[in-house]
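S.K.: okay, predicted coordinates and the sequence, questions at the end:
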Amino acid sequence: MRDFEVVIGLEVHAQLRTQSKIFCSCSTVFGLEPNTNTCEVCLGMPGVLPVLNRAVVDCGIKLGLATGCSVEPVTVFARKNYFYPDLPKGYQITQYDHPLCSNGHLDIEVGGEKKRIGIVRIHMEEDAGKTIHDEDKPLSFIDFNRAGVPLLEIVSRPDLRSSSEAVEYLKVLRLLLMYLEICDGNMEEGSFRCDANVSVKPVGQQVLGIRTELKNMNSFRNVHKALDYEVRRQIELLAKGDTVVQETRLWNAALNESQPMRSKEESHDYRYFPEPDLVPVVVDEAWIDEIRATLPELPSDKRARFATTYGLPSYDTEVLTQSRALADFFEQCVEILDSPKDISNWIMTEVLHVLKVRGKGIGQLGLGPPEIAGLLALIREGTLSGTLAKEVFSEMVASGRDAHSIVSEKGLEQLSDKERIREAIEVVLNEHPKEVARYRGGKTQLLGFFVGQVMKATRGKANPNLTNTLIREMLDS
């Protein structure tokens with residue numbers, strides 16, 4: 001494989017979070033009963049006319065600005081003609097030679113190396129329906145609820161050189177779309193999906209190899225596996241002296257292999273021509289400035305700010321900025337309690353663990369920044385030990401109550417009275433004379449044993465740092 005270079009370009013379809021479809025007023029809500037969310041327009045009935053949803057253009061401009069694209073002053077819709085059962089009109093309204101945005105980029109980092117991936121274009125289009133195959137009978141059904149749902153197609157340049165780079169590009173793009181709040185990024189529901197154009201060529205050869213298109217990859221894991229499989233398949237063909245066939249292939253996750261679907265179409269096969277029922281869209285500077293003013297702080301900028309403002313390491317900034325809501329939650333905690341690293345540690349361990357188990361987002365935690373900051377303040381001031389804090393946090397999550405009331409009710413305040421801790425230590429030392437003798441004989445690693453016994457005796461309430469110090473004093477005296 002070292003003799004070959006991999007070339008990958010991605011075409012990503014992002015379903016937009018608009019309330020209505022791109023050319024009609026039907027809802028975009030997912031999961032409704034089949035064919036209950038349609039009208040004459042999205043079903044392509046004779047005599048109806050599409051009306052462009054302005055919010056779709058807003059979303060496209062927003063993504064174009066966030067990726068450094070040029071937003072075209074005049075953008076035109078086109079008809080893409082092909083015949084599938086789930087395409088009610090017999091053509092798709094999309095964009096061809098006059099896309100909304102062009103010539104942008106995304107920056108990725110793989111293996112510690114940063115790389116800029118070019119974006120050829122971002123254009124608007126409508127989604128098709130969905131073909132549903134009966135598992136028990138040789139029958140297929142069509143659900144047109146998705147027909148007319150607005151999409152942005154983001155086409156990268158063939159700058160990707162491995163499956164790892166491709167997956168990282170997708171992760172960066174998905175996070176950006178979610179920060180902009182124009183796509184929910186749900187790959188399982190198909191609101192974020194991609195096709196990959198894959199080819200290989202001998203190292204040093206300027207001419208690109210024959211490419212295949214891979215479809216049906218509904219997770220980052222499947223993207224990784226599918227691309228690696230297709231690269232191996234093509235290299236094995238070339239090594240045997242065979243030719244790669246230009247075709248579209250489907251990824252079969254059950255068999256872990258790509259399978260032929262159809263011969264790959266070229267643009268002339270679709271007989272593109274300007275959509276006669278829609279006028280060109282004029283995007284002036286005022287419109288662009290209006291959208292630019294709504295752009296949030298982007299993930300890369302937020303990570304850099306978290307590092308400089310709060311002194312957090314890169315791992316923390318990556319985790320905390322995985323969503324706008326989580327990043328905002330962290331900053332709201334810091335506004336209440338000026339202890340960024342402690343808050344970061346608690347969110348990354350305790351909070352995210354609970355959310356992962358529940359399969360929820362930070363908004364469904366049931367606790368707000370005041371409750372988390374309040375808990376950590378008790379640890380910081382010595383009222384609550386770190387061990388007991390975890391117990392209190394579990395109770396907070398289960399009940400929604402604040403840390404102060406739980407600590408007071410259960411009498412969990414940390415024990416910092418030196419005399420009471422000395423009494424507990426004295427009892428432990430008297431109960432373990434052999435361990436005391438071994439410690440004084442040089443087995444100083446037994447210190448942890450004594451600390452543990454004291455913590456057990458005080459039900460975890462003893463101040464661990466003070467306990468450690470007092471045990472040393474008493475054993476060394």
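M.R.: Received, thanks. Numbering: from 1, shown residues only.

S.K.: quick check: neighbours of the helix or strand harbouring I117 in the sheet, parallel or antiparallel?
M.R.: Here I117, judged by DSSP states H and E, is contained in strand 113-126. Counting by DSSP bridges, the strands paired with strand 113-126 are strand 101-110 (antiparallel), strand 150-156 (antiparallel).

S.K.: buried ones in that strand?
M.R.: Buried residues in strand 113-126, counted by 16 or more other CB atoms under 10 Å: 115, 117-126. Any C-beta I mention is one placed from the backbone N, CA and C, and that applies to glycine too.

S.K.: ok, now stretch 131-147?
M.R.: In stretch 131-147, counting by 16+ other CB under 10 Å, buried: 142-147.

S.K.: out of these, who's nearest R211?
M.R.: For the buried residues of stretch 131-147, the residue nearest R211 by CB to CB is R146; the value is 27.8 Å.

S.K.: I'd guessed the closest one sits against E126; true?
M.R.: No - R146 lies out of contact with E126 (CB atoms under 8 Å); the separation is 9.5 Å.

S.K.: make CSV out of the strands paired with strand 113-126 and add mean neighbour count.
M.R.: Putting the strands paired with strand 113-126 into CSV (neighbours: other CB atoms under 10 Å) gives the following:
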stretch, mean neighbour count
strand 101-110, 18
strand 150-156, 23
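
S.K.: now those in JSON lines, with mean pLDDT and distance to I61?
M.R.: Listed next are the strands paired with strand 113-126 as JSON lines, based on pLDDT from 0 to 100; distance: least, CB to CB, whole Å:
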{"stretch": "strand 101-110", "mean pLDDT": "96", "distance to I61": "7"}
{"stretch": "strand 150-156", "mean pLDDT": "98", "distance to I61": "11"}
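
S.K.: of all these, which one comes closest to K171?
M.R.: Proximity to K171 (CB to CB) singles out strand 101-110 among these, at 8.3 Å.

S.K.: please identify the buried residues of stretch 388-400?
M.R.: Judged by neighbour count (16+ other CB under 10 Å), stretch 388-400 contains these buried residues: 388-389, 391-393, 395-397.

S.K.: all helices for the stretch 151-300 of the chain, in order.
M.R.: In the stretch 151-300 of the chain, the helices defined using DSSP state H, counting those that start in this stretch lie at 163-179, 220-239, 285-292, 299-310.

S.K.: mind listing what's buried along the first one?
M.R.: By that I understand helix 163-179. Of all the residues in helix 163-179, those buried under the rule 16+ other CB under 10 Å are 163, 165-170, 172-179.

S.K.: now for that helix, which elements pack on it?
M.R.: On a contact count with 3 or more CB pairs under 8 Å, 6 or more residues apart in numbering; DSSP states H and E, helix 163-179 meets strand 4-15, helix 54-66, strand 101-110, strand 113-126, strand 192-202, helix 220-239, helix 299-310.

S.K.: can you add distance to H133 and give the ones you listed back as a markdown table?
M.R.: Output for the helices and strands packed on helix 163-179, formatted as a markdown table (distance: least, CB to CB, whole Å):
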| stretch | distance to H133 |
| --- | --- |
| strand 4-15 | 21 |
| helix 54-66 | 30 |
| strand 101-110 | 35 |
| strand 113-126 | 23 |
| strand 192-202 | 18 |
| helix 220-239 | 19 |
| helix 299-310 | 38 |
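
S.K.: do you know which of the ones you listed lies nearest P276?
M.R.: Within the helices and strands packed on helix 163-179, the stretch nearest P276 is strand 113-126; the backing value is 15.7 Å (CB to CB).

S.K.: quick one: mean pLDDT over the closest one.
M.R.: For strand 113-126, mean pLDDT rounds to 97.

S.K.: go on, stretch 199-213?
M.R.: For stretch 199-213, the mean per-residue pLDDT is 90.

S.K.: give me the most central residue, this protein.
M.R.: Nearest residue to the geometric centre of the chain (CA atoms, centre = their mean): L175, 5.0 Å.

S.K.: ok, that one touching K302?
M.R.: No - checked against CB under 8 Å, the pair L175 and K302 is beyond contact range at 10.5 Å.

S.K.: one step back: confidence score at the residue nearest to the centre of the chain?
M.R.: On pLDDT, L175 comes in at 97.

S.K.: what does L49 give?
M.R.: Per-residue pLDDT puts L49 at 95.

S.K.: grab the nearest non-local neighbour of it.
M.R.: Leaving aside its chain neighbours, L49 sits nearest to D277 (5.3 Å; criterion: CB to CB, 6 or more residues apart in numbering).

S.K.: so how far is D195 from that neighbour?
M.R.: Distance of D277 to D195, given as CB to CB, to the nearest Å: 27 Å.

S.K.: more neighbours: these two, which one.
M.R.: Higher neighbour count among D277 and D195: D195, with 17 against 12, using other CB atoms under 10 Å.

S.K.: wait, the more buried one touches R211, no?
M.R.: No - using CB under 8 Å, D195 is not in contact with R211; the gap is 11.3 Å.
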